[in-house]
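1. Here is my input; please provide its structure:
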Amino acid sequence: MGNLKNLLKQSTNVGATALLLLGTLLPTLTIKDHSIVNAASTTTNLTPGETLDTGNHTWGLSDFQTANNYTPVGKNTKSSGWINSSTYNFGTNQPNTGSWLPFNGAIDMSQPLTINGATFAKGGGLFPNLQLGDANGILLTDLSSSQLSGGATGGNLGVGNLGSGTYFIGNNYSFKNVTLGVLSNYNTASVIAQGDGAGAKILSNSSDYEANSNSTNAFSMSWTNPVINSDGTVTGTISYTSRNAGTDYTTSAIITVQQSMSIGFMAATGGNYSEMSVTINSVTGGKGTQPVIVNYLNGLTGEQISPKRKVWNNSTINANVGDKIGVIAPNSSDEAVDTYNYVAPTAPEGYSFDTASPSLIVQNFPSNMKNPNQINVSYVPQPQNAKFSYSYDPLAPLTPTAPPEVELSGVTDQELISATPNLQQNLENQVPGGYYISKITSALGESTVGASTIETLSSFFAEKPSFDAISRNNQYQIMLSALNQTGVVSFDYDTSVTGEIPTLPTNFTLSGLTGSNLSFVIPDLPSGYEVTSVIAPDNITYPSITEALAANNHFIDGQNSFKIIVSAMKQSGLVSYRWASDVPGQNGVAGKLQANLPKSSTLTGVTGSTINFTPTIPEGYGIKEVTAPDGKIYTDTTIKGMTALEAAESKNYKFAEGSNDFIISLQALPQEIILNLNLNESSNSFIISKVLTGAPIDSTSIENAQTWLYDWITENASGWTIKDFVDPRGIDYVNSNLASVVSKVGGIALAHNNIYQANLIYEGKIGFSSVPSKINFGTNLIVSKDRTYNGILDNPVVVLDTRAENFLTPWSVSVTQVSALQEMLQTDTPLVGGISFMDQLSYDSKVLTSSPQVIYSIDHGEEGETTIINANSESMFTLNVPSSSQKANTNFKGTLEWTLTSAP
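-> Numbers count the residues shown, from 1 in each chain. Alright, predicted model coming up:
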């Protein structure tokens, strides 16, 4: 147990201290006089001449925040794509780019439209605010997505070459040239521009301003007051507002467009360029619609069918652009898989249902172009018999077995094509793959020739051949010739190849007649890559080109292409570790290592694949620097915001030929050596030292901590003493001091826990419960001789001892004259040169001095109070006053100090 000496002192005289608001317009749905069909619910029977409507003609925000609802079109773009569900990066951070993001659906311009969101542009150069480029905004067009890639960029705002039906509504960063010197600097404006030949015509603009680079600008686009014109076009007011640095820049124009328009977003750059994106926050508008025409055709003639001389007029389906419309056979059991399905009318008497065109996605198109949304439904008359025989051209190589004869029957002088509406198709269907009908010869020796099956048959039937009355004259000989076949040798990487990969050889074409020999040689592959498989025309994967050609050595009908699969070669690397030069415990640095150097680990991969590894970092240590495969040393400050490892990996993230090794230098981490003092349920802490893992803890810091501990107990925990110490490992030490405990742990900073605990135990305490604040020697008459006066205490001197039995040590009380009785002024301050009673004050006949004088002591402490001197009665304090020191009407004042001393 630690030994303490308590010095409790109290003086007789004691002193005291103390934005943009975005609106939404709800479109109006006009009810038209035709049927409305719900999507993907039931099928509807078609009736010739009928007009139907699919309904569901309103767009919402979720439609415009669905990535699959767009068909991005890019010119020289890089890394374009959706950042999140509402923000699209145009990938335009390079010169002369065009990035169009057309929405797959269309907008009904006869209804109001609003789009709210934000544009972002971040430029480079010395004056990024003035060198943004060139356009960022909204695309409005009558073209489909496949027609946008030819748009002119730069100052043409991406709408040049796209016709007068295409508009740009947004930020024109190159609106006004404000160049001073050799740089190309421009102010920005909100503009509405229309395609005009190869360029763009500005229809309206806001005032120009210097745009903020690396800033998000809220925008609002609206289409209001639409009026449908007599020719079906719509005239309305289009407005655009962009907020820059808290100021709105608005422009508007009255334009005339077709009723159904495609809409989207776009960005374009020229010599100036910037990183640009758009964020879509709200959209309200009507869906653009287009008619889908269902044609009812005679399967033999291709003409509009007229059963019993009654013409079947086309059916019209008004559908949203982007809807999938399908027509299925009457009484079909096929499950409906399109957005809207319709059942073809039942075939008229004497006809049978033949085919319907495949389902189509409804497209938008300019009003002056032919409607591409056509579905053909064919019906054919009942077939008759005839006889056509097949033979091959003698020059055709490796011919297969000739097709079987085609027989049909009919009436003399009845046209063959009329008696058998599908005769031409039947003859064509008999042709083996890779061949075509080159000549048809009648029994009378008349021949029809053509360069293709369709051409030959068309020429033949254009002569309207009919049944002859003589049976032998109804015999026809068909000659089959070999078609020229083509194939492509293409190259692709194996799916395991990742990262930035080199360009593969250009695809090349193969050509030859059906049945002729097939062979080729490939160009050299990029270094570090090899052929690992070949997908041949027979759809079998072979391990080499030689084996693929051996199994596919001649041209066949249709598929003659080879796909060369290229894989990256295997690569390896090593992750190794070393100690930094200043790590305690090695390289002559004082201290002791707290961990073993981690073992090296092997990296494996292929050329171009991503390097991934998790380093082994011992506790108490961290990464100081990383030497990467590129030979550079990376630290936590090499790349802002990245650790040394992250920086090294960001610049060396894929396997390459050669070195793929990482060397990780480990440093010791700073540790706080803490002393926790536990007193009942409360605690206090003291930081002993801050050193690196494994570094020695200096003795001065330990001594300071021990002193702090003793002082804290003295000032805050009277009656308590140190019970024991507990080191960071949890080991308990009794009758020890902090320096000894730290030494037992090794005297160094550990790798994880460096907290030492001092636990206290209560011993009780001893102290004054009462001391006088004043000793009064009274008011006395002046006499001609020396006098002695006894002092009276206003409070008794009492000692209170609450210590436990085994802590009751001897104690004593002493008194010290701190300042002698002195003559005082009325301001209660000593009179300079006044009377002083030094060596005149005594206790029990002993003169009090500045040295403590014991007035009471006890050899064995006792619990409870002990009264040393009583109050309000004459005490053993006496003051000797010489006659020469007696002075009328004068106050005297001095100070005594009481001391209680408890021995060990």
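
2. Any buried residues in the lengthiest helix in the chain, and which?
-> In terms of residue count, the longest helix belonging to the chain (DSSP state H) is helix 699-716. Buried residues in helix 699-716, counted by 16 or more other Cβ atoms under 10 Å: 701, 702, 705, 706, 708, 709, 712, 713. Just so you know, the C-beta spots here come from the backbone N, C-alpha and C atoms, and that holds for glycine as well.

3. So the third one sits against residue 674, correct?
-> No - under the criterion of Cβ atoms under 8 Å, residue 705 is not in contact with residue 674, lying 9.2 Å apart.

4. Find residues that contact each of those two.
-> 686, 688 (Cβ atoms under 8 Å, 6 or more residues apart in numbering).

5. Any regions of the stretch 301-450 of the chain where pLDDT drops low?
-> 308-309, 334-338, 349-351, 381-385, 411-413 (pLDDT under 70).

6. Can you tell me, leaving aside adjacent residues, what's nearest to the residue lying farthest from the centre of the chain?
-> In terms of distance from the mean C-alpha position of the chain, residue 784 ranks first, at 103.3 Å (Cα atoms, centre = their mean). Setting aside the residues directly before and after it, residue 784 is nearest to residue 883 in space (Cβ to Cβ, 6 or more residues apart in numbering), at 5.6 Å.

7. try residue 313
-> residue 49 (3.9 Å).

8. Can you tell me the element residue 626 falls in?
-> strand 621-627 (DSSP states H and E).

9. And the average pLDDT for the next helix or strand after that strand is what?
-> Per DSSP H and E, the first helix or strand lying C-terminal to strand 621-627 is strand 633-634. In this model, strand 633-634 carries a mean pLDDT of 98.

10. just stretch 258-277 next, same as before
-> On average, stretch 258-277 scores 93.

11. How far away from the center of its chain is it?
-> 24 Å (Cα atoms, centre = their mean, to the nearest Å).

12. Begin at 12, not 1, for the rest of this chat.
-> Okay, using 12 as the starting number, the last item reads as stretch 269-288.

13. what about that stretch, start to end distance?
-> Using Cα to Cα, to the nearest Å, the end-to-end distance of stretch 269-288 comes to 28 Å.

14. Whichever strand or helix holds residue 202 packs against which elements?
-> Using DSSP H and E, residue 202 maps to strand 197-207. Other elements packing on strand 197-207 under the criterion 3 or more Cβ pairs under 8 Å, 6 or more residues apart in numbering; DSSP states H and E are strand 178-188, strand 210-216, strand 245-255, strand 258-268.

15. Adding mean neighbour count, write the ones you listed out as JSON lines.
-> Shown next, in JSON lines, are these (neighbours: other Cβ atoms under 10 Å):
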{"stretch": "strand 178-188", "mean neighbour count": "25"}
{"stretch": "strand 210-216", "mean neighbour count": "19"}
{"stretch": "strand 245-255", "mean neighbour count": "20"}
{"stretch": "strand 258-268", "mean neighbour count": "17"}
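
16. Take these and write them to a markdown table, including distance to residue 769.
-> Below are the helices and strands packed on strand 197-207 laid out as a markdown table (distance: least, Cβ to Cβ, whole Å):
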| stretch | distance to residue 769 |
| --- | --- |
| strand 178-188 | 68 |
| strand 210-216 | 78 |
| strand 245-255 | 63 |
| strand 258-268 | 65 |
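
17. Lowest mean pLDDT among the helices and strands of the chain, which one is it?
-> strand 17-22 (a mean of 34; mean pLDDT, DSSP states H and E).

18. returning to what we had before: tell me who's in contact with the residue nearest to residue 324.
-> By Cβ under 8 Å, 6+ apart, the neighbours of residue 60 are 323, 324, 325, 326.

19. quick one: which of those residues is most hemmed in?
-> residue 326 (23 neighbours; other Cβ atoms under 10 Å).

20. Identify the bridge partners of the residue nearest to that residue when sequence neighbours are not counted.
-> Among residues not flanking residue 326 along the chain, residue 305 sits closest, at 4.1 Å (Cβ to Cβ, 6+ apart). Beta-bridge partners for residue 305, by DSSP bridges, are residue 326, residue 386.

21. Let me know the secondary structure of the residue nearest to residue 324.
-> coil (DSSP: H, G, I helix; E, B strand; the rest coil).

22. per-residue pLDDT, it?
-> 94.

23. swap in residue 849?
-> 78.

24. Next, count neighbours for it.
-> 14.

25. Quick one: the helices in this protein, in order.
-> For the chain, helices defined by DSSP H occupy the ranges 72-75, 427-430, 434-440, 464-473, 556-562, 655-662, 710-727, 749-756.

26. If you count neighbours, what's buried in the last one?
-> Of the residues in helix 749-756, those buried under the neighbour-count criterion (16+ other Cβ under 10 Å) are 749, 752, 753, 756.

27. elements contacting that helix?
-> helix 710-727, strand 743-744, strand 766-773.

28. Also the second one?
-> For helix 427-430, the contact count by 3+ Cβ pairs under 8 Å, 6+ apart identifies helix 434-440 as packing neighbours.

29. The helix it packs on: how far from the chain's middle?
-> So, by Cα atoms, centre = their mean, the centroid of helix 434-440 is 59 Å from its chain's centroid.

30. Give the buried residues for that helix.
-> 434, 435, 436, 438.

31. Let me have the helices and strands packed on helix 749-756 in a markdown table, extended by mean pLDDT and distance to residue 506.
-> Formatted as a markdown table, the helices and strands packed on helix 749-756 follow (pLDDT from 0 to 100; distance: least, Cβ to Cβ, whole Å):
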| stretch | mean pLDDT | distance to residue 506 |
| --- | --- | --- |
| helix 710-727 | 92 | 61 |
| strand 743-744 | 94 | 62 |
| strand 766-773 | 90 | 53 |
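
32. of those, which approaches residue 74 most closely?
-> With Cβ to Cβ as the criterion, residue 74 lies closest to strand 766-773 of the helices and strands packed on helix 749-756, at 59.8 Å.

33. got a list of contacts for the closest one?
-> 684-690, 699, 720, 724, 728, 730-739, 749, 752-753.
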